[in-house]
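K.L.:
only geometry, no sequence info:
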């Protein structure tokens, strides 16, 4: 975890931003939390840690991290804006009952998308694949 955190801090520095305690704290929460936290969930975690960081600082930091490509934002079934560390491409299974988000990679799906794009003469520059339903715990 420390090595990955250091990598992201270097990325912030290389993009011309300062490494602040707040930025480091928020990235640590991403590393420990995993998943797809909302700004409010990050803020709640900070409050539990007795941090004096305000919600506005959390939003500003998330926007900065998003602008340099360290994190990306998504909106799913709970209608909350959620964030995830930008990483290798993956798709999502989203439970509409409990909100669980499962990440997966499937080479067959990726190949099929390329075949479809080729058939229509379409150049894919990115995509989001989300399967929405109920997880095994909620079924």
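P.N.:
Sure, I can see it. Values in this document were obtained by computation on a predicted structure and should not be read as measured data. Residues are numbered from 1 along each chain as shown.

K.L.:
wouldn't residue 81 be in contact with residue 75 here?
P.N.:
Yes. At 5.5 Å, residue 81 counts as touching residue 75 under the criterion of CB atoms under 8 Å. Backbone N, C-alpha and C define where each C-beta goes, glycine included.

K.L.:
out of these two, which sits in the more crowded spot?
P.N.:
Per other CB atoms under 10 Å, whichever of residue 81 and residue 75 has more neighbours is residue 81, with 15 against 10.

K.L.:
Model confidence at that one, what's the number?
P.N.:
Predicted confidence (pLDDT) for residue 81: 84.

K.L.:
Spit out the contact partners of it.
P.N.:
38, 39, 73, 74, 75 (CB atoms under 8 Å, 6 or more residues apart in numbering).

K.L.:
Can you tell me the SS state at the nearest residue to the fourth one once chain neighbours are set aside?
P.N.:
The shortest distance from residue 74 to any residue that is not its chain neighbour, by CB to CB, 6 or more residues apart in numbering, is 5.3 Å, and that residue is residue 82. Under DSSP: H, G, I helix; E, B strand; the rest coil, residue 82 falls in the strand class.

K.L.:
can you list the domains in this structure?
P.N.:
2-85, 91-133 (automatic domain parsing).

K.L.:
so of those domains, which one's packed in deepest?
P.N.:
Most buried of the domains of the chain, by mean neighbour count (mean count of other CB atoms under 10 Å): domain 2-85, with a mean of 15.

K.L.:
So what's the gap between that one and the chain middle?
P.N.:
Distance of domain 2-85 from its chain centroid, counting by CA atoms, centre = their mean, to the nearest Å, is 9 Å.

K.L.:
Same check on stretch 82-97?
P.N.:
Chain-centre distance of stretch 82-97: 7 Å, with CA atoms, centre = their mean.

K.L.:
what's next to it, contact-wise?
P.N.:
8, 30-31, 35-39, 42, 62, 65-66, 69-77, 100-106, 109-110, 128-135, 137-138.

K.L.:
now stretch 49-57
P.N.:
Taking CB under 8 Å, 6+ apart as the rule, stretch 49-57 contacts 22, 25, 39, 40, 43, 46.
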